[in-house]
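Novice: Requesting a structural model of the entry that follows:
(2 chains)
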Amino acid sequence: MISDPKTRMAETSTPSQQPFRLSMLLNDSRYRSRSIEIVVLVGCLLFVFWIIDNTISNLELLGKGVQFWFLNEPSGYDINQRLIEYTSRSTHLRASFAGLLNTLLLAAMGCALATILGLGIGVLRLSKNWIVARLMAVYIETFRNIPVLLWIVFFMAIVIDTLPKPSDFRGENPEASMILGESVAVTNRGVYVPEPLFSNSLGNISFFGAFDISLDLVAILAVLVAGIIATGHVTRRANRVQAETGDRPNTWIPNLLLVGGLPVLVLAILGLHLGFPELKGFNFKGGIHLRNSLIALWLALSLYTAAFIAEAVRAGIQAVSKGQTEAAYALGIRPTRTMRLIIIPQALRVIIPPLISHYLNLTKNSSLAIAVGYMDITGTLGGITLNQTGRELECILLLMLFYLSISLSVSMFMNWYNDRVRLKER
Amino acid sequence: MTMAKASFVRMEMIEPSTPPLSEVGIVGWIRENLFNGWLNATLTIISILGIFFALYEVLPWMIRSSWTATSLDECRKAIAATYGEGVDGACWAVIRERYLQLFYGFYPADSYWRPNLAFILMLAALAPILFPAVPRIVLLFSAGYPFLAFWLLWGGSIWGPLAVIAGFVIGYVITTKLTDRYGLLVGGISAVAGTVAWWFFAAEKVADLAHSVLPIGLRPVESAQLGGFMLSIAIGVTGIAASLPLGILLALGRKSDMLIVKSVCVGFIEFIRGVPLITLLFVASTLLNIFLPPGTSFDVVLRVVVMVTLFASAYIAEVIRGGLAALDRGQHEAADSLGLDYWKSMRLIILPQALKISIPGIVSTFIGLFKDTTLVSIIGLLDPIGLTTSIRANFAWNGIIWELYCFVGLMFFIFCFSMSRYSMYLERKLQRENR
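Specialist: Next up, the predicted model:
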């Protein structure tokens, strides 16, 4: 087709060497995006300056500046559910920190229960058993289509109105009794569970004077982590021996000893015994008291989120094509191994991203604790501290910063994970 | 060689016999679906026991109820009189007495036609968006609907909303006049500047003037009187409708090559998605007035709507980004090869397809947003959950809990469930079209 390459060559145009004109900023596609960017930048900066200027003049009118010293003043309110030492004479900063730990506690408890329930419900939703599958569908639709705030107040009402009062446990013929061998008391003021006590306790270590960390807990966790790392070595060594000799040395006995035996040994050395809750006067004493608000929130958030997780799990399992199972069987892989090596890894690739985002939603929804009076960070820093000090700007800023740092770090982890599990396309 | 004499040769086929009774009909179905294997049998029995127990606990309470009392005491007496002492029954009378309040809040009773009309007109305004068969001219009505609804709900002079609409008309006129002569960018910027100038400096005066000449208006209703499901629907629908254009812009910005535009959009989206809605509502109730020029103070419902819109737009942006990413690259290239510029290729080629893909996501964002409107009860607005507290505060109904929660939950369930079914239907329909 190309008869004479030389004439074709001559037709290719060189970029026009026009002198720069002002109108090229708008009409020339080489400069236009730059000029739009500059306009956007200037617009954004003007907007931000406008807001800052307004804020400064408004705060001047109200007679207050922006400062964070109020965090050092005594808070003057009580937090009934707390993980660290706290009294009403403690500072606002400490109150916020107690609230922050409460948020994390609620989020961790909620995520754990929601995962267990969601996995179970998601698998049962796909069951061939007609009645079970329908029941799970009803569960999922009920919880997904009703606002979580309604569930929270509803569960709070259930805990307060239907569970026995502590006074019902008293007397010759009590209306209510403790369960699990007289160790757990379920009352409308909350649940009392036995607390672990150590007769040879290592004591506490002060963390920069801010709060105490139990050395017993540190020791147990350290042993547990060391055990898990050691099992990795055992398994790797077994793999190596198997590769060299063809015989696989027994791994589960040393692994069980490392993961289960070592912590039990440490617990025995520390002298673990349980402190049981006892009814004294009008209330229970001893044990760990999980407040009714914590219980209601925990149940409501986990049941609500479990419905979403169940759908994610169902989608994940359904996303693995049946051909994968058949291919594995054709290779002669046993059903349990097919599940472990073929199905689950592929399903997890689909399940984990929505799962993490549901964890994040649960954490953000835990801010609704303020509706039932659980003192999480929204209830302390964004609630009472804000109202007492009147420092809306600073409090809400810190509050947002906290939630933002949680979600940003989680989404960074997500990006890393997605990158890792992405199908390597060649 | 002769064949060995066969002792038996089948001459005709035997009729297939019917399967055994245990394999067909109800028995067969039950065996196959409920009792194949001990695990399934256990699950079935547990489920049946669970359902039976739940119904046993709840049904008598629901049925042995009173519908006619006017207070909780009276209700308990009526139940005791009908079903005997000590029977615990539901007091549905509270729903019968207060359902109007749960729907409309403290809206003046003689003006209920206004929210009703607004709701019906909303369906009419949605029709051209949902069904392509409706004539396109109705879209003009859809565009004007938000102002009409605002006027119907809040009342006041009609000239205020009209003056705001006039701003858009002015913007449109400036764009068309200037674009021909100076190009889209100059036209667009001066149109925005002209519209904003009109709103800030002239609109209010013109509206006042017009009102003094020709007073047309409805009785004004204060925001504190708005409540119930009306408030939830108003916030939810406004939030989603206003967040759609914003979300589209944010999604396009996030996919843009321009670094500054992209980082502004990413920053905004990640910030909004990273904080709980309740903190944004705190901003609406306490901080928004600090951010605005001294002396401005506008209505709390409006402030909430602004924050909810910003909140929803970040989520909508992510949904639409998904739709844009799902679109084949060839579509972009095809648009480029036709010589369309950026906005034309977006408007004619990319966005119609991307939006179509993201409809299910948009609907589920809307369901989430509608459920989240209950959060406004925490900052003191009277949405259905806030109203349950306020009804309980009344002496006559002090102590009533379950009936109200059941009713509110049921209403939310009906609304959200039908929306999610509709979205699933859309998803199936669109899948078929894509195939």
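Novice: burial of residue 391, as a residue count?
Specialist: You didn't pick a chain, so chain A it is. 21 (other C-beta atoms under 10 Å in any protein chain shown). (C-beta placed from N, C-alpha, C; glycine too.)
Novice: that answer is for a different chain, and I need it for chain B
Specialist: The burial count for B:Ile391: 19, using other C-beta under 10 Å.
Novice: Can the strand or helix carrying it be said to contact chain A?
Specialist: Here B:Ile391, judged by DSSP states H and E, is contained in helix B:384-392. Yes - Helix B:384-392 is in contact with chain A by C-beta under 8 Å from any C-beta of the partner chain, via B:385, B:388.
Novice: distance between that helix and the chain's centre?
Specialist: 22 Å (C-alpha atoms, centre = their mean, to the nearest Å).
Novice: before we move on, what SS does A:Ser206 have?
Specialist: Following DSSP: H, G, I helix; E, B strand; the rest coil, the label given to A:Ser206 is strand.
Novice: separation between it and chain B?
Specialist: 32 Å (C-beta to the nearest C-beta, to the nearest Å).
Novice: what is the mean pLDDT for stretch A:66-77?
Specialist: Averaging pLDDT along stretch A:66-77 gives 84.
Novice: what do you get for stretch A:82-96?
Specialist: Mean pLDDT, stretch A:82-96: 84.
Novice: Check stretch A:121-133 too.
Specialist: 88.
Novice: That stretch near chain B at all?
Specialist: Yes - Stretch A:121-133 lies within reach of chain B by C-beta under 8 Å from any C-beta, at A:124, A:127-132.
Novice: which residues in the stretch 201-350 of chain A form helices?
Specialist: Along the stretch 201-350 of chain A, the segments classed as helices by DSSP state H, counting those that start in this stretch run A:215-245, A:252-256, A:262-270, A:292-319, A:322-330, A:335-337, A:344-365.
Novice: What of the stretch 301-435 of chain B?
Specialist: Under DSSP H, counting those that start in this stretch, the stretch 301-435 of chain B gives helices at B:329-337, B:342-345, B:351-372, B:384-392, B:402-434.
Novice: Specify the angle between the helix holding B:Ile391 and helix B:402-434 in degrees.
Specialist: Computed by axes from the mean of the first three to the mean of the last three C-alpha atoms, to 10 degrees, the angle separating helix B:384-392 from helix B:402-434 equals 170 degrees.
Novice: List the buried residues in helix B:384-392.
Specialist: B:384-388, B:390-392 (16 or more other C-beta atoms under 10 Å in any protein chain shown).
Novice: Run through the stretch 101-250 of chain A and note the low-pLDDT ranges.
Specialist: A:181, A:207-211 (pLDDT under 70).
Novice: Can you tell me which residues in it are near chain B?
Specialist: Going by C-beta under 8 Å from any C-beta, the residues of the stretch 101-250 of chain A near chain B are A:124, A:127-132, A:135, A:141-142, A:144-150, A:153-154, A:157, A:161.
Novice: Inside helices: which ones of the residues you listed?
Specialist: Per DSSP state H, helices hold the following members of those: A:124, A:130-132, A:135, A:141-142, A:144, A:148-150, A:153-154, A:157, A:161.
Novice: Which among those residues count as buried?
Specialist: The neighbour count (16+ other C-beta under 10 Å) marks A:124, A:130-132, A:135, A:141, A:144, A:148-150, A:153-154, A:157 as buried among those.
Novice: Would you format the helices of the stretch 301-435 of chain B as TSV with mean pLDDT and distance to A:Leu299 included?
Specialist: Putting the helices of the stretch 301-435 of chain B into TSV (pLDDT from 0 to 100; distance: least, C-beta to C-beta, whole Å) gives the following:
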stretch	mean pLDDT	distance to A:Leu299
helix B:329-337	90	47
helix B:342-345	86	51
helix B:351-372	89	18
helix B:384-392	89	18
helix B:402-434	85	15
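Novice: out of these, nearest to A:Leu404?
Specialist: Comparison of those against A:Leu404 by C-beta to C-beta identifies helix B:351-372 as nearest, at 18.5 Å.
Novice: Output the closest one as PDB, nothing but the C-alphas.
Specialist: The C-alpha atoms that make up helix B:351-372 are tabulated as PDB, following Å, rounded to 0.1, in the frame of the first residue of the first chain:
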ATOM      1  CA  LEU B 351     -20.900   7.800  32.300                       C
ATOM      2  CA  PRO B 352     -24.200   6.300  30.900                       C
ATOM      3  CA  GLN B 353     -22.500   2.900  31.000                       C
ATOM      4  CA  ALA B 354     -20.700   3.400  34.300                       C
ATOM      5  CA  LEU B 355     -23.800   4.600  36.000                       C
ATOM      6  CA  LYS B 356     -25.800   1.700  34.700                       C
ATOM      7  CA  ILE B 357     -23.300  -0.700  36.200                       C
ATOM      8  CA  SER B 358     -23.300   1.100  39.500                       C
ATOM      9  CA  ILE B 359     -27.100   1.300  40.000                       C
ATOM     10  CA  PRO B 360     -27.200  -1.600  42.400                       C
ATOM     11  CA  GLY B 361     -24.400  -0.100  44.500                       C
ATOM     12  CA  ILE B 362     -26.100   3.300  44.500                       C
ATOM     13  CA  VAL B 363     -29.300   1.700  45.700                       C
ATOM     14  CA  SER B 364     -27.500  -0.100  48.500                       C
ATOM     15  CA  THR B 365     -25.800   3.100  49.500                       C
ATOM     16  CA  PHE B 366     -29.200   4.700  49.600                       C
ATOM     17  CA  ILE B 367     -30.500   1.900  51.900                       C
ATOM     18  CA  GLY B 368     -27.500   2.400  54.100                       C
ATOM     19  CA  LEU B 369     -28.100   6.200  54.200                       C
ATOM     20  CA  PHE B 370     -31.800   5.800  54.900                       C
ATOM     21  CA  LYS B 371     -30.900   3.500  57.900                       C
ATOM     22  CA  ASP B 372     -28.300   6.000  59.000                       C
END
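Novice: Can you name every helix or strand that it contacts?
Specialist: helix B:228-254, helix B:300-326, helix B:402-434 (3 or more C-beta pairs under 8 Å, 6 or more residues apart in numbering or on different chains; DSSP states H and E).
Novice: No further queries at this time; thank you.
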